[in-house]
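Student: the following block contains a protein sequence and its predicted model.
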Amino acid sequence: MVQLEPGPSLAQALFELNAGRAIGLPTETVYGLAADGTRPTAVAEIFRIKGRPPAHPLILHLAEASWLDQYCINVPPLAWHLAESLWPGPLTLVLERSSKVPDCVTGGLSTVAVRVPSHPVALSVLRAFARPLAAPSANRFGAVSPTTAQHVVDDLGEDVAVVLDGGACECGVESTIVEVREGQAKILRPGGITRETLEAMGVEVASGDLRASPRVPGSLESHYCPRARVQVVQDEDLEGAAHRAKGHGLKVGIVTQRSLRQSTDAEILQLGTSPEDLARGVYAAFRELDRRECAVIFLSLPTSDGLGAAVADRIRRAATRVNDGSD
Ligand code: TXA
Ligand code: MG
């Protein structure tokens, strides 16, 4: 049975987690599909529901940085510094794992990805549960990440009994994944904590080659895809591209941050003016344009500084369809 709670029901969530089942959990980035990260049968539920290949590792969510001592080993000083400065928040650290972390969480890797989310509902659940929660984004594998409880119910409602409703996600794109090695922070996936924030802390930042890291599913080229074909165009060509596609009989969606000509023949979603507005709204916009049955979505890339790096990354991946052979 699908239950969308009018408000968070902590007791119900804990009951499900203790029974080894997965719940929909709000975080500040996107909604997670969370289960007991110390219990292989509970973790297996996540893979089953999500349809995710089992070798793909999950993020362990912790209630506070002090838990690192239990679930990670040889934590370098830079990782402690990042954790203490930026947690709770949208930063995931890849660290050496301890024997308390089951193989199924890490896909057999010797490292584990960990983060402390800042959403108050996620933190209450973690504190009360007192064990780490493994949680990928609460969408089916390869699809658009959910940023509201309703999105989770729409995607996984048949398989998840409890979805805690913590409102729309404040950040809207996933956490930044950072591998800390030899005093350097390597960004494996851009996200809610920007490169500039890390650099302002005096941290030496390197960019990882996401494509060289097949274990990071966000790095598979076609990820975060809506049903509609996503096409990146120059901002000034949005109206022209819409007009041409319409001429081919396609229903067109546009995601933009500027006012387009009234005559533009498309479903237009205008997402505020700031990079934060764009990050918060882009996944929901993809979903909405799918709901309106658009065949193609046009949008332009934001500049890739600040939060724009994460948004541009997700748009590029949504625009890349490797395996479906349709274009
Ligand atoms: O914001 C987020 O990070 C959200 C919320 C729910 O916390 N979670 C999320 O999880 O985006 P997911 O499973 O969709 O993405 C986790 C990413 C994957 O790309 C995975 O491969 C990578 O983390 N990852 C996990 N463990 C890793 C490891 N040991 N080394 C490198 N990458 C790892
Ligand atoms: Mg995901």
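Tutor: Arrived safely, thanks for sending. Numbers count the residues shown, from 1 in each chain. Ligands and ions are numbered 1, 2, ... in the order given.

Student: now the residue in the stretch 101-250 of the chain that ligand 1 sits nearest to: closest residue in space, sequence neighbours ignored.
Tutor: Per Cβ to the nearest ligand atom, Pro136 is where the stretch 101-250 of the chain lies closest to ligand 1, at 2.9 Å. C-beta: built from backbone N, CA, C; applies to glycine. Spatial nearest neighbour of Pro136, chain neighbours left out: Leu58 (5.5 Å); criterion: Cβ to Cβ, 6 or more residues apart in numbering.

Student: ok so, going back, the residue of the stretch 101-250 of the chain closest to ligand 1: what's it in contact with?
Tutor: If you count contacts by Cβ atoms under 8 Å, 6 or more residues apart in numbering, Pro136 has them with Gly32, Leu33, Ile46, Lys50, Arg52, Leu58, Ile59.

Student: run through this structure and note the low-pLDDT ranges.
Tutor: Along the chain, segments meeting pLDDT under 70 span 1-8, 209-222, 321-327.

Student: okay, now the domains of it?
Tutor: Taking automatic domain parsing as the reference, the chain has its domains at 3-212, 229-325.

Student: hey, which of those domains is tucked in deepest?
Tutor: domain 3-212 (a mean of 20; mean count of other Cβ atoms under 10 Å).

Student: Gln231 and Ala241 touch, don't they?
Tutor: Yes: using Cβ atoms under 8 Å, Gln231 makes contact with Ala241 at a distance of 7.2 Å.

Student: ok, which of the domains of the chain comes nearest His223?
Tutor: domain 229-325 (4.8 Å; Cβ to Cβ).

Student: the closest one: how far from the chain's middle?
Tutor: Its chain's C-alpha centre and that of domain 229-325 lie 18 Å apart, by Cα atoms, centre = their mean, to the nearest Å.

Student: so what touches stretch 173-181?
Tutor: Contacts of stretch 173-181 (Cβ under 8 Å, 6+ apart): 29-30, 59, 76, 78-79, 82, 90-95, 111, 113, 115, 137, 145, 185-194, 198, 208, 216, 218, 279, 282-283, 307, 310-311, 314.

Student: near ligand 1 at all, that stretch?
Tutor: Yes: using Cβ under 6 Å from any ligand atom, stretch 173-181 comes into contact with ligand 1 via Glu174, Ser175, Ile177.

Student: restricting to C-alpha, output that stretch in CSV.
Tutor: What follows is stretch 173-181 as a C-alpha-only set of coordinates in CSV (Å, rounded to 0.1, in the frame of the first residue of the first chain):
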residue,chain,number,x,y,z
VAL,A,173,21.0,18.0,-7.4
GLU,A,174,23.0,15.2,-5.8
SER,A,175,25.9,15.6,-3.4
THR,A,176,29.4,16.3,-4.6
ILE,A,177,31.5,13.1,-4.5
VAL,A,178,35.1,13.6,-3.4
GLU,A,179,37.9,11.1,-3.2
VAL,A,180,40.5,12.3,-0.7
ARG,A,181,44.0,11.1,-1.4
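
Student: roughly how far is it from the heart of the chain?
Tutor: Stretch 173-181 sits 11 Å away from the centroid of its parent chain (Cα atoms, centre = their mean).

Student: find the nearest non-adjacent residue to Thr273, please.
Tutor: Per Cβ to Cβ, 6+ apart, closest to Thr273 is Gln257, 5.8 Å.

Student: which residues does that neighbour contact?
Tutor: Gln257 neighbours (Cβ under 8 Å, 6+ apart): Gln270, Leu271, Gly272, Thr273, Asp277, Leu278.
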